[in-house]
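>>> Build me a structure from this.
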Amino acid sequence: MSQPVNFYRRVSMVCQAVPQGKVATYGQIALLCGKPKNSRQVGYALKWGLAGPVPAHRIVNAQGYLTGAPSFETHDMQKKLLEKENIVVTEEKPGKFRVSLAQYGWKNTMDQALELEKRFRAEGV
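Residues are numbered from 1 along each chain as shown. The predicted model follows:
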């Protein structure tokens with residue numbers, strides 16, 4: 001497998017680990033993939049479906065803003081999917097939605113990070 005394909009597979013595995021009712025940031029996903037400076041590449045992978053079918057609606061930017069709207073069928077679909085998981089989404093400006101990372105942010109443990117790394121090695125990614 002080529003390097004980008006391995007990274008996208010890792011993105012898929014990490015995004016699938018984000019629990020329902022929680023959100024993670026692009027940077028957090030990149031860090032857990034072993035590439036802490038690749039948050040934009042995480043966004044690219046999610047936007048173009050390179051990570052496969054994942055709960056991309058649970059991924060937000062570092063300030064908690066929903067920035068994935070262009071990747072969904074409608075401009076508010078990410079918001080609706082999060083609200084379906086009982087995540088409160090506020091509209092700070094028209095069309096600019098945000099979630100509280102303090103309240104809904106996924107605080108992964110070191111054990112979870114080590115388990116992901118173990119799975120990466122097992123799958124050769």
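
>>> and the most centrally placed residue in the chain, bridged to which residues?
Centroid-nearest residue in the chain, with Cα atoms, centre = their mean: Ile59, separated by 3.1 Å. Applying DSSP bridges to Ile59 gives these bridge partners: Ala24.

>>> Is it in contact with Cys15, as I believe?
Yes. Applying Cβ atoms under 8 Å as the test, Ile59 and Cys15 come out as touching, 6.5 Å apart. Yep, even glycine has a C-beta here, placed from its N, CA and C like the rest.

>>> Identify the residues contacting the residue lying farthest from the centre of the chain.
In the chain, the residue that sits farthest from the middle, by Cα atoms, centre = their mean, is Pro94; the gap is 23.5 Å. By Cβ atoms under 8 Å, 6 or more residues apart in numbering, the contact list for Pro94 is empty.

>>> same check, this time on Met77
Per Cβ under 8 Å, 6+ apart, neighbours of Met77: 57, 69.

>>> Give me the below-cutoff pLDDT ranges for the protein.
1-4 (pLDDT under 70).

>>> And the helices in it?
3-17, 26-32, 39-47, 77-84, 101-104, 110-123 (DSSP state H).

>>> so can I have a markdown table of those helices showing distance to Ala69?
Formatted as a markdown table, these follow (distance: least, Cβ to Cβ, whole Å):
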| stretch | distance to Ala69 |
| --- | --- |
| helix 3-17 | 17 |
| helix 26-32 | 14 |
| helix 39-47 | 10 |
| helix 77-84 | 6 |
| helix 101-104 | 18 |
| helix 110-123 | 28 |
